[in-house]
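In: next comes the sequence, and after it the predicted model I'd like to discuss.
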Amino acid sequence: MGSGAHLQGRSALLEVDDLTVEFPGIRALDSVHFDILAGEVHALVGENGAGKSTLLKVLGGVHRPSSGEVRLSGEAYHPRRPADALAAGIAVIYQEFNLYPDLTVAENVFSGREPYAKGSRGIRYAEINRRTSELFAVLGVTIDPTATVGSLTVSEQQLVEICKALSVDGRIIVMDEPTAALSADEVTQLLDVVKRLRAEGRSVIYVSHRLDEVFALADRVTVLRDGKHIRTCDIADTDPDGLVRLMVGRDVESVFHRDQVSEGTVVLELTDVNAGRRLKDISLTVRAGEVVGIGGIAGAGQPELSQVIFGALGVDSGTMTLNGEPFRPRHPGDAMARGIGFLHEDRKVAGNLPDLSIRHNLTISILDKVRTGIGRFLAPAKETDVYDGYHRRLNIKATGPDQLIGQLSGGNQQKVLLGRALAPGGRLLLLNEPTRGVDIGAKAEIHRLINILTADGAAVLMVSSDLPELLGVSDRVYVMAGGEIVGHLTGADRTEENVVACATTGRRIFSKELSKR
């Protein structure tokens with residue numbers, strides 16, 4: 001476990017005072033305080049939406065604060081772009097790597113700063129290869145500097161990013177969820193690298209949902225919640241349960257509402273399902289009339305679970321049944337033909353079709369139902385009928401069926417995609433992050449619709465990274481970590497503390513009253 005004892009008497013290398021960041025309609029950071037000392041690993045924790053990423057982007061020169069002050073070595077620090085942060089010795093390593101897959105490791109490490117031979121524009125490859133190997137030696141790892149980055153594993157690419165930070169003499173290295181996609185052995189290697197960085201006198205801001213890593217590495221920890229600074233303390237002065245309480249700190253029932261419904265027969269059942277490297281021995285049930293929540297930190301396998309059920313990801317072993325009959329869809333068309341609706345977690349990347357109309361976005365999952373005649377051409381009248389139904393049912397605010405979906409607000413775009421998921425007309429809905437990126441009013445409307453659907457007998461499997469939503473809307477919750485189900489919670493066990501504990505500390509909690517399930 002880390003300890004801040006060796007840091008006593010050291011002055012702050014970086015100081016953040018009263019930092020506020022506002023975007024249209026939202027205050028992402030509200031008078032936040034934060035500091036980091038030389039040679040310190042300082043963990044930054046909080047739920048999704050707590051403001052962690054916004055703070056990192058201010059330090060990395062991506063966002064500019066609305067008010068407040070940041071000082072680096074006692075001097076005002078106002079980066080206008082990421083290059084300014086690098087020049088000042090602050091290197092931010094985001095979850096999405098900034099690497100060129102077709103270039104070599106050394107070319108990536110020295111990208112934009114390549115040494116050239118005198119009298120020519122030729123890169124001194126021997127030099128950058130040698131210097132890259134020396135930097136990896138500091139980290140205690142060996143990676144071929146001439147290998148192309150695209151041929152490396154995720155953990156090796158992570159190390160290339162760290163090597164880049166060292167190459168610009170990064171005094172402060174910021175790591176945003178660095179182990180989200182790593183195996184257990186790779187995590188161990190990365191933690192060793194972080195300890196080496198501290199021993200070298202570097203400062204590390206370590207952002208992670210995995211509290212076991214926080215307690216293994218950090219000297220101090222800062223908790224953010226709803227954009228506010230909650231507490232900074234020495235890691236030796238807290239424990240995982242105390243940290244979870246600081247991260248949670250609010251009444252779920254005051255925000256989300258779930259009507260009481262009568263459970264029906266089992267609609268979906270998975271038994272010992274394995275799929276690729278991401279899902280291991282998954283067993284669960286979903287009944288008519290209930291909302292079953294799936295929680296866990298990013299990268300735990302939640303999207304893959306819904307993709308398996310929807311036929312977008314193949315099953316290696318195990319069994320699935322739908323309404324009591326064997327079920328193994330070959331592709332999403334099979335699932336939709338059986339009446340399964342699917343809502344993707346990212347409407348911008350894989351959800352809406354921004355250059356198409358609302359009616360086309362609504363009906364793309366049921367084209368056979370809106371075709372007519374011998375030529376099976378699309379029938380605009382049928383499409384408009386579908387639009388009219390969901391326009392009323394979902395309270396979609398639009399000028400008409402031919403308005404482009406990209407012109408709608410985020411909440412109304414989400415309603416259209418929810419209508420698309422409902423269109424196949426079945427009794428099972430797979431909802432991934434159903435209210436991500438929508439305002440509180442749209443959230444309430446979507447939750448109201450979920451209540452209406454389940455009251456009418458629909459079964460809902462809902463993946464959500466929003467803990468208040470997960471617990472406020474679900475009847476039961478499965479918690480995932482590392483591709484496995486590590487918790488199954490109901491009744492008094494269905495708390496934010498238990499979800500976070502299962503997802504981040506490896507604790508396994510299975511409610512006793514669920515043995516019959």
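Out: Looks like it came in fine. Numbering: from 1, shown residues only.

In: which secondary structure element of the protein has the lowest mean pLDDT?
Out: Taking mean pLDDT, DSSP states H and E as the measure, the chain has helix 347-350 as its least confident helix or strand, at a mean of 66.

In: so what touches the helix or strand that that helix is followed by?
Out: As assigned by DSSP states H and E, the chain's next helix or strand after helix 347-350 is helix 358-363. Applying CB atoms under 8 Å, 6 or more residues apart in numbering, the contact partners of helix 358-363 are 352-353, 369-370, 380, 382-384, 386-387, 390, 396, 398, 400-405, 408, 416-417, 419-420, 423. Quick note: C-beta positions are derived from backbone N, CA and C, even for glycine.

In: quick one, what contacts the nearest residue to residue 317 once chain neighbours are set aside?
Out: Excluding the flanking residues, the one nearest residue 317 by CB to CB, 6 or more residues apart in numbering is residue 274, at 4.8 Å. Residues near residue 274 by CB under 8 Å, 6+ apart: 280-282, 315-318.

In: quick one: buried ones out of those residues?
Out: For the contacts of residue 274, a burial check counting by 16 or more other CB atoms under 10 Å picks out 280, 282, 315, 318.

In: my guess is residue 106 contacts residue 132, does it?
Out: Yes. Using CB atoms under 8 Å, residue 106 is in contact with residue 132, at 4.3 Å.

In: identify the contacts common to those two.
Out: The contact sets of residue 106 and residue 132 overlap at residue 145 (CB under 8 Å, 6+ apart).

In: show me where the stretch 351-500 of the chain has its helices.
Out: Listed in chain order, the helices of the stretch 351-500 of the chain (DSSP state H, counting those that start in this stretch) span 358-363, 380-393, 410-422, 440-455, 467-473, 496-505.

In: the longest one to helix 410-422, inter-axis angle?
Out: Looking back up the chat, that one is helix 440-455. Helix 440-455 and helix 410-422 are oriented at 20 degrees to each other (axes from the mean of the first three to the mean of the last three CA atoms, to 10 degrees).

In: who's in contact with helix 440-455?
Out: Residues from elsewhere that reach helix 440-455 (CB under 8 Å, 6+ apart): 256-259, 261, 289-291, 393-395, 409-412, 414-415, 418, 422, 429, 431, 434-435, 438, 460, 462, 469, 472-473.

In: and residue 393, how many neighbours?
Out: Neighbourhood size, residue 393 [other CB atoms under 10 Å]: 14.

In: who's in contact with it?
Out: By CB under 8 Å, 6+ apart, the residues touching residue 393 are 419, 449.

In: list the contacts for residue 45?
Out: Applying CB under 8 Å, 6+ apart, one finds that residue 45 lies in contact with 52, 207-209, 211, 214, 221-224, 243, 247.

In: and these, which is closest to residue 334?
Out: residue 209 (34.5 Å; CB to CB).

In: residues near the closest one, how many?
Out: If we define neighbours as other CB under 10 Å, then residue 209 has 24 of them.

In: for residue 145, which three-state class applies?
Out: coil (DSSP: H, G, I helix; E, B strand; the rest coil).

In: correct me if wrong: it contacts residue 108.
Out: No. Using CB under 8 Å, residue 145 makes no contact with residue 108, being 9.6 Å away.

In: and the most centrally placed residue in the chain, backbone torsions?
Out: The C-alpha lying nearest the average C-alpha coordinate of the chain belongs to residue 298 (CA atoms, centre = their mean; 4.2 Å). Here is the backbone geometry of residue 298 (degrees, to the nearest 10): phi -60, psi 140.

In: that concludes my questions; thank you for your assistance.
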